[in-house]
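>>> heads up, no residue letters with this:
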């Protein structure tokens, strides 16, 4: 009889290489070599191939279509066909949750929602195949009443009907986006079976009709997914039995949105590494999460300027918002959808400050600098008043110029000082420095278009090599979307929420010492 061909099976994350023969049962091979625990079957094929499943029905019951497409399989029904690289989750870190999270996905449509303080983003998807049908976003209607989240919380304390009013606004935004999405696609809103919501803690409590406890209270309102039927909400366009799920939160000011973002960014896989991965989720408030050295550590700071709040010509990153600025002998602008400029998004403010700084029109301490030797076409962009210098980006329409004032720069300095100082405090807590950062992931609101080189050069984020800074898009929404496709991920989000520590910055000396110096602008 001819000897069977030999094969090498490399196992992650252990790094072991197992010798096998073509035709060997994969589960038996892994059990004999002590790689799998008794009763453990789930593995992921990274490279190479395995035989077709001998029990396809069990695999389809265990895994979602997305997981199957990503290589997850049951080792018991697979045979070795050649060299392969596989990932075997450690038992305590297993990807798959308890049986209640492995329920078969419903047919119909799913809605993933990122409920942000400034922007509400939603996406409609077909279940269970996760084909994205349409995406949409709108301003959080609460901003029309009060722009700052702190002001909204104060409003709730002072107005007996405030909670009802703010809750209605949130549901109206979700309803508006749902109707907009089904209008785009021609789909029936009554087919929406599942709505997955990621939100900061205060907005999540408002959505559930609860008075927000606030960060000062130090309470965690929920660390498990919360569920209710659509008939218990004002979402009239959905079928009454549609399930509304609010993802788990970690702390009073570290909500399900940042847990969802951490899930989408894969921070679970970074916890045990010595190098640090930073997730910086920019918005009206910015959350920073560090994974590494056995910890998952988070902090939250206020950054309203990054969504255009308190900026003279500020606006959300919607059609016509300026998101890129280049200055040479003239001023070049890029806007969302290349539309006529209507205002300045947070990304545009960052880009404009970077452009002014690189050509010497913004000082290191944040003053707009007038230079008479500038080219004539550039001189006409300057203006001055008692409040200091102004730089006109666009004359706009109707005689209303779009400009940057001195106070706008100061608001940006406050935001960047907060973010950078918080990063330094987190690194210090982990006994790490900027040299220990493996990667910085920048999350942002829907369509925000942050420019990583500008964020790095201005000192918004820690100083690392440019290739280490990457945009993740709207990571909070992405996490909610992933949970639509695999309810097991809710268990993973729950474990992340339980593991996530909160760093209190209110009395942190590293943060306090780093804040003022971090307000300075520098260009390396």
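Received it, and whenever you're ready, just let me know what you need. No experiment lies behind these values; they were computed from the predicted model shown.
>>> how about the helices in the stretch 201-350 of the chain?
Secondary structure of the stretch 201-350 of the chain (DSSP state H, counting those that start in this stretch): helices located at 201-207, 256-264, 346-358.
>>> in the stretch 151-300 of the chain, which ranges drop under the pLDDT threshold?
Scanning the stretch 151-300 of the chain for pLDDT under 70 picks out the ranges 214-219.
>>> For residue 471, find the nearest of the helices of the stretch 201-350 of the chain.
helix 346-358 (10.5 Å; CB to CB). Every C-beta, even on glycine, is put in place using the N, C-alpha and C of the backbone.
>>> Measure how far that closest one is from the centre of its chain, please.
22 Å (CA atoms, centre = their mean, to the nearest Å).
>>> ditto for stretch 79-88
For stretch 79-88, the separation from the chain centroid amounts to 33 Å (computed by CA atoms, centre = their mean).
>>> In that stretch, which residues are buried?
Neighbour counts using 16 or more other CB atoms under 10 Å place 79, 80, 81, 83, 84, 86, 87, 88 of stretch 79-88 among the buried residues.
>>> ok, back up a step: among the helices of the stretch 201-350 of the chain, show me which one is buried the most.
Mean neighbours per residue, mean count of other CB atoms under 10 Å, is largest over the helices of the stretch 201-350 of the chain for helix 256-264, with a mean of 31.
>>> which residues touch it?
By CB atoms under 8 Å, 6 or more residues apart in numbering, the surrounding residues in contact with helix 256-264 are 114-116, 197-201, 204, 246-250, 268, 279, 281, 287, 289, 291, 296, 298, 300, 443, 472, 475-480, 482-483, 489, 492-493, 496-497, 500.
>>> contacting residues around the residue nearest to residue 49 when sequence neighbours are not counted?
Nearest non-adjacent residue to residue 49, counting by CB to CB, 6 or more residues apart in numbering: residue 81, 5.3 Å away. Counting by CB under 8 Å, 6+ apart, residue 81 touches 7, 22, 48, 49, 50, 51.
>>> which among those residues end up buried?
Burial of these was assessed by neighbour count (16+ other CB under 10 Å); the buried members are 7, 48, 50.
>>> List the contacts of residue 14.
Taking CB under 8 Å, 6+ apart, one finds 35, 88 in contact with residue 14.
>>> Mind giving me the packing neighbours of the helix or strand where residue 172 lies?
Element membership of residue 172, judged by DSSP states H and E, is helix 162-185. If contacts are counted by 3 or more CB pairs under 8 Å, 6 or more residues apart in numbering; DSSP states H and E, helix 162-185 sits against strand 108-115, strand 119-127, strand 131-139, helix 142-145, helix 149-158, strand 192-199, helix 201-207.
>>> What residues sit buried inside that helix?
For helix 162-185, by 16+ other CB under 10 Å, it's 162-163, 166-167, 169-171, 173-178, 180-182.
>>> circling back: which of the helices of the stretch 201-350 of the chain sits closest to residue 512?
Of all these, helix 256-264 comes closest under CB to CB, at 22.9 Å.
>>> between that closest one and strand 108-115, what angle do the directions make?
Interaxial angle, helix 256-264 versus strand 108-115 (axes from the mean of the first three to the mean of the last three CA atoms, to 10 degrees): 120 degrees.
>>> one step back: and the helices of the stretch 201-350 of the chain as CSV, adding distance to residue 213?
What follows is these, written out as CSV (distance: least, CB to CB, whole Å):
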stretch, distance to residue 213
helix 201-207, 7
helix 256-264, 15
helix 346-358, 28
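>>> Of those helices, which is nearest residue 381?
So among the helices of the stretch 201-350 of the chain, helix 346-358 is nearest, using CB to CB, at 10.2 Å.
>>> tell me the mean pLDDT for the helix or strand following the closest one?
Where DSSP H and E defines the elements, the next helix or strand beyond helix 346-358 is helix 376-379. Helix 376-379 comes out with an average pLDDT of 82.
>>> Tell me the strands beside the helix or strand following helix 376-379, with direction?
Next helix or strand after helix 376-379 toward the C-terminus (DSSP H and E): strand 382-385. Strands adjacent to strand 382-385 in the sheet, as given by DSSP bridges, are strand 388-394 (antiparallel).
>>> Buried residues in the strand it pairs with, which are they?
Across strand 388-394, burial judged by 16+ other CB under 10 Å covers 389, 390, 391, 392, 393, 394.
>>> I'd say the third one and residue 404 touch.
The reference is to residue 391. Yes. Using CB atoms under 8 Å, residue 391 is in contact with residue 404, at 4.9 Å.
>>> between those two, what contacts are shared?
Common neighbours of residue 391 and residue 404 (CB under 8 Å, 6+ apart) are 352, 356, 368.
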